[in-house]
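J.: Give me a 3D structure for the following:
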Amino acid sequence: QVQLVESGGGFVQAGGSLRLSCAASDRTFSSYTMAWFRQAPGKEREFVMSITKDSTNKYIGNGVRGRFTISRDNEKNTVYLQMNSLKVEDTAIYYCAADKQRLGAGNYDYWGQGTQVTVSS
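T.: Okay, the predicted model is just below:
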């Protein structure tokens, strides 16, 4: 059972930046594809980005290309989401997810509790 804990959310003005972190409890972290999803009020959960276990491949969802970057540090069991040029429509709860089989979007096996990101105009 992998436990995921997100951090780094908060309030930011449009055009600003935030970096989210997700720390995993499992020492086999390097065997998981890691992903970020988000869910805005009244909307369905949306795939943001994912990164394969050795960082070889990254998958990007709609609306964040060129602004968000995903990375991971397998020594620290942590995945990051760097968010730049934030827009009001990026406001959502951001969730970290892990899965040994997935590559891009999909229903991942393990989920964190989420961290709120609020972008003001």
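J.: for the protein, which spans come out with low pLDDT?
T.: For the chain, no stretch is flagged by pLDDT under 70.
J.: Which residue would you name as the spatial centre of it?
T.: With distances taken as CA atoms, centre = their mean, W36 lies nearest the centre of the chain, 2.5 Å away.
J.: Show the contacting residues for the closest residue to G8 other than its chain neighbours.
T.: Spatial nearest neighbour of G8, excluding adjacent residues (CB to CB, 6 or more residues apart in numbering): L20 at 4.2 Å. Quick note: C-beta positions are derived from backbone N, CA and C, even for glycine. By CB atoms under 8 Å, 6 or more residues apart in numbering, the contact list for L20 reads E6, S7, G8, G9, W36, Y80, L81, M83, Y94, C96, T115, V117.
J.: Let me have the residues you listed in JSON lines, extended by secondary structure and distance to Y59.
T.: Output for the contacts of L20, formatted as JSON lines (DSSP: H, G, I helix; E, B strand; the rest coil; distance: CB to CB, whole Å):
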{"residue": "E6", "secondary structure": "strand", "distance to Y59": "19"}
{"residue": "S7", "secondary structure": "strand", "distance to Y59": "23"}
{"residue": "G8", "secondary structure": "coil", "distance to Y59": "21"}
{"residue": "G9", "secondary structure": "coil", "distance to Y59": "22"}
{"residue": "W36", "secondary structure": "strand", "distance to Y59": "11"}
{"residue": "Y80", "secondary structure": "strand", "distance to Y59": "16"}
{"residue": "L81", "secondary structure": "strand", "distance to Y59": "13"}
{"residue": "M83", "secondary structure": "strand", "distance to Y59": "16"}
{"residue": "Y94", "secondary structure": "strand", "distance to Y59": "16"}
{"residue": "C96", "secondary structure": "strand", "distance to Y59": "15"}
{"residue": "T115", "secondary structure": "strand", "distance to Y59": "21"}
{"residue": "V117", "secondary structure": "strand", "distance to Y59": "20"}
